[in-house]
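Visitor: okay, sequence plus prediction incoming.
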Number of protein chains: 2
Amino acid sequence: MARLSDIIESFLKEMIIEEEGTVEIQRNELASKFNCVPSQINYVISTRFTADKGYYVESRRGGGGYISIKRLNIDSDNDYLMHIITSIENRISQLTAEVFIQNFVDYNIIKPREAMLLKAATSDKVLMLVPVERRDEVRAAILKNMLMGLTVL
Amino acid sequence: MARLSDIIESFLKEMIIEEEGTVEIQRNELASKFNCVPSQINYVISTRFTADKGYYVESRRGGGGYISIKRLNIDSDNDYLMHIITSIENRISQLTAEVFIQNFVDYNIIKPREAMLLKAATSDKVLMLVPVERRDEVRAAILKNMLMGLTVL
DNA sequence: GTTTATAATAGTCAGAGATAGTCAAATAAG
DNA sequence: CTTATTTGACTATCTCTGACTATTATAAAC
């Protein structure tokens, strides 16, 4: 018997194709369509629609809440970005992050202003409140998410 | 289902644009136009048209009462940014941050791609590894630092 | 004119409703 | 045995509602 997660995965992927790259769902609705608990939707998303695999996920709670999944475009800039994203480990130092960012500017993948935003968001200064032992992990998460976004917009 | 609050918000914002910076409404009238309780109007105003976000709200009760919303003049992008930066407390929720960011886009202070970077860097998703009691503080630090950068570059 | 009553507004706040997220235990698959 | 999946209890966040309160204008009474 096919796994439910796989079924939900392909359902979402088909919708993404139909909608040309993006889908917006309501978690509970989708769950009841497949007769499963809502948290299974989270499971599917977190195992199959990860950044590594080229998807960008946003959500909002409360009345009218939603989950949206966007498939990243694949062109050469994005290829390069994706390559970098997957190469970033779970932790990254400020210095290494800056080197990556500078490379993007040098290769004309991002504008200086965008580079500044990336640097500002990943500097030690800003992560002072994060316990030292977690700092590089948080930095990696921020950087990856920002780069992911760049591949979409 | 789209959120009523969002619909009312855009209705008001459009009126503000049409009327060149100001709108005056009657709470009950607006509420019945959108088939909601009057206090929902207060909710929309208090979550989307705060002083922090560059709006000035006045009202008056009693016969002929009204609510007026004025958009503050933005002399220069930097002034506006500085105004926002100083108004941000030491902690900020994801939603509040998003509203700020959207306002920057609406006012043409930043580009959509830059907005995406700001959102990506301040989302809960990315701050998962930060202890929840510190999360809003870290978010505020990141946001402020990024905005500071924008005033320079 | 001043005072008082009434009607017409708007404001506040707590709770209900509507979503989505997290995490760990139970179960199934490989 | 190890890993992946499924489940559900608990939590977090955002929105909507309604009862109660506060303020202002206007009309009525004096």
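Guide: That came through fine.
Visitor: all the strands of chain A, residue numbers only.
Guide: Secondary structure of chain A (DSSP state E): strands at A:22-25, A:55-60, A:66-71.
Visitor: can you list those in TSV and add distance to chain B, mean pLDDT and mean neighbour count?
Guide: Every C-beta, even on glycine, is put in place using the N, C-alpha and C of the backbone. Listed next are the strands of chain A as TSV, based on distance: least, Cβ to the nearest Cβ, whole Å; pLDDT from 0 to 100; neighbours: other Cβ atoms under 10 Å in any protein chain shown:
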stretch	distance to chain B	mean pLDDT	mean neighbour count
strand A:22-25	11	96	17
strand A:55-60	8	93	18
strand A:66-71	10	95	18
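Visitor: which one of these lies closest to DNA strand C?
Guide: strand A:55-60 (3.5 Å; Cβ to the nearest atom of the strand).
Visitor: which residues are in contact with that closest one?
Guide: Residues from elsewhere that reach strand A:55-60 (Cβ atoms under 8 Å, 6 or more residues apart in numbering or on different chains): A:45, A:49, A:65-72, A:148-149, A:151-152, B:123, B:125.
Visitor: can you count the residues close to A:G65?
Guide: As a burial measure, A:G65 scores 12 neighbours (other Cβ atoms under 10 Å in any protein chain shown).
Visitor: swap in A:S39?
Guide: Using other Cβ under 10 Å, A:S39 has 10 other residues around it.
Visitor: which of the strands of chain A sits closest to B:K13?
Guide: Among the strands of chain A, the nearest to B:K13 by Cβ to Cβ is strand A:55-60 (19.1 Å).
Visitor: any idea of the angle that closest one forms with strand A:66-71?
Guide: Interaxial angle, strand A:55-60 versus strand A:66-71 (axes from the mean of the first three to the mean of the last three Cα atoms, to 10 degrees): 170 degrees.
Visitor: by contact count, what packs against the helix or strand of chain A with the lowest mean pLDDT?
Guide: Least confident helix or strand, chain A: helix A:76-87 with a mean of 84, by mean pLDDT, DSSP states H and E. Contacts defined by 3 or more Cβ pairs under 8 Å, 6 or more residues apart in numbering or on different chains; DSSP states H and E place helix A:76-87 against helix A:132-152.
Visitor: of the strands of chain A, which is nearest B:I41?
Guide: Nearest of those (Cβ to Cβ): strand A:55-60, 21.6 Å.
Visitor: the closest one vs DNA strand C: in contact?
Guide: Yes. Interface with DNA strand C: strand A:55-60 contributes A:S59, A:R60 (Cβ under 7 Å from any atom of the strand).
Visitor: quick revisit: for the least confident helix or strand of chain A, output the C-alpha coordinates as CSV.
Guide: Taking Å, rounded to 0.1, in the frame of the first residue of the first chain, the C-alpha atoms of helix A:76-87 are listed here in CSV:
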residue,chain,number,x,y,z
SER,A,76,21.7,29.6,-13.9
ASP,A,77,21.7,32.2,-11.2
ASN,A,78,19.4,30.1,-9.2
ASP,A,79,21.4,27.0,-9.9
TYR,A,80,24.4,28.7,-8.4
LEU,A,81,22.4,29.9,-5.4
MET,A,82,20.9,26.4,-4.9
HIS,A,83,24.3,25.0,-5.1
ILE,A,84,25.5,27.3,-2.4
ILE,A,85,22.5,26.7,-0.3
THR,A,86,22.9,23.0,-0.3
SER,A,87,26.6,23.4,0.4
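Visitor: how about it: buried residues?
Guide: A:D77, A:N78, A:L81, A:M82, A:I84, A:I85 (16 or more other Cβ atoms under 10 Å in any protein chain shown).
Visitor: now that helix against helix A:132-152, angle please.
Guide: 160 degrees.
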